[in-house]
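the amino acid sequence is not available; the structure is as follows:
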């Protein structure tokens, strides 16, 4: 398939309550820069023609204004009531056939290699969702108690969840459903097969103070 325009929709709507911080977690400092700066930087490095759409609550715009100019062509868009609506607002900026990445703003350690492998896989299969194996034992809870389940049957899902625009745009035209936990569930509802690609152990989501310490160590 011919190369396509590349659009990264980076969603950062967290409040930072689990961090116990007045500053939302995506703006906390990591190796001298805000968490979200590292995330944006990874996509900017991955492809010279990457268009970045940053989706934030309007009240958070002031947090990014001082460094936004470092990334030419980046677009700042107001978020919505839920993640689904925030992604939908970002998708409104997609005007032509593209490969669309949807990424958590609080996954700052995503590698250029993972972004590129998602792009190549989405060109081939229509979608590319990074996933890693479970290492811990897990149990399923039910009304009578709980039971062990085979962890080999489960994967841990990461972002960037990556799709051809002709799959994700019509999917997000459907009405919101609380069962939509991520972009893959929205696209899957349209009858599309979801392709999993190898994710990265270091592609952690920063939601608690310990995650920031781990991320600092990984960067160092």
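Happy to help now that I have it. On a predicted model such as this, the values are computed, not experimentally measured, just so you know.

in the protein, which spans are strands?
5-11, 29-30, 33-34, 50-56, 75-78, 98-104, 127-133, 138-142, 145-149, 155-157, 161-164, 196-198 (DSSP state E).

and the angle from the first one to strand 98-104?
Spelled out, that is strand 5-11. Counting by axes from the mean of the first three to the mean of the last three CA atoms, to 10 degrees, strand 5-11 points 20 degrees away from the direction of strand 98-104.

partners of strand 5-11, with directions?
Strand pairing for strand 5-11, using DSSP bridges, gives strand 50-56 (parallel), strand 98-104 (parallel).

and the angle for the last one with strand 127-133?
Spelled out, that is strand 98-104. Orientation check (the same axes, to 10 degrees): strand 98-104 against strand 127-133 gives 30 degrees.

ok, residues contacting strand 98-104?
The contact list for strand 98-104, computed with CB atoms under 8 Å, 6 or more residues apart in numbering, reads 4-12, 39, 43, 87, 90-91, 94, 110, 115, 118-119, 122-123, 159-165, 168, 183, 205. For every residue, glycine as well, the C-beta is placed using N, CA and C.

and with 6 Å instead?
For strand 98-104, the surrounding residues in contact (CB atoms under 6 Å, 6 or more residues apart in numbering) are 4-10, 87, 119, 122, 159-163, 165, 168, 183, 205.

tell me the residue in the protein that is farthest from the middle.
residue 144 (36.0 Å; CA atoms, centre = their mean).

hey, which helix is longest across this structure?
Taking DSSP state H as the criterion, the chain has its longest helix at helix 112-125.

got any ranges where this structure has weak pLDDT?
Scanning the chain for pLDDT under 70 picks out 1, 14-21.

let's see 80
Residues of the chain meeting the criterion pLDDT under 80: 1-3, 14-22.

and the residue positioned nearest the centre of it, what are its bridge partners?
By CA atoms, centre = their mean, the chain has its centre lying nearest to residue 103, at 1.8 Å. For residue 103, the beta-bridge partners under DSSP bridges are residue 10.

and what of residue 197?
residue 130.

how many neighbours does residue 136 have?
6 (other CB atoms under 10 Å).

tell me how far the residue nearest to it when sequence neighbours are not counted lies from residue 203.
Excluding the flanking residues, the one nearest residue 136 by CB to CB, 6 or more residues apart in numbering is residue 151, at 7.3 Å. Going from residue 151 to residue 203 by CB to CB, to the nearest Å gives 19 Å.
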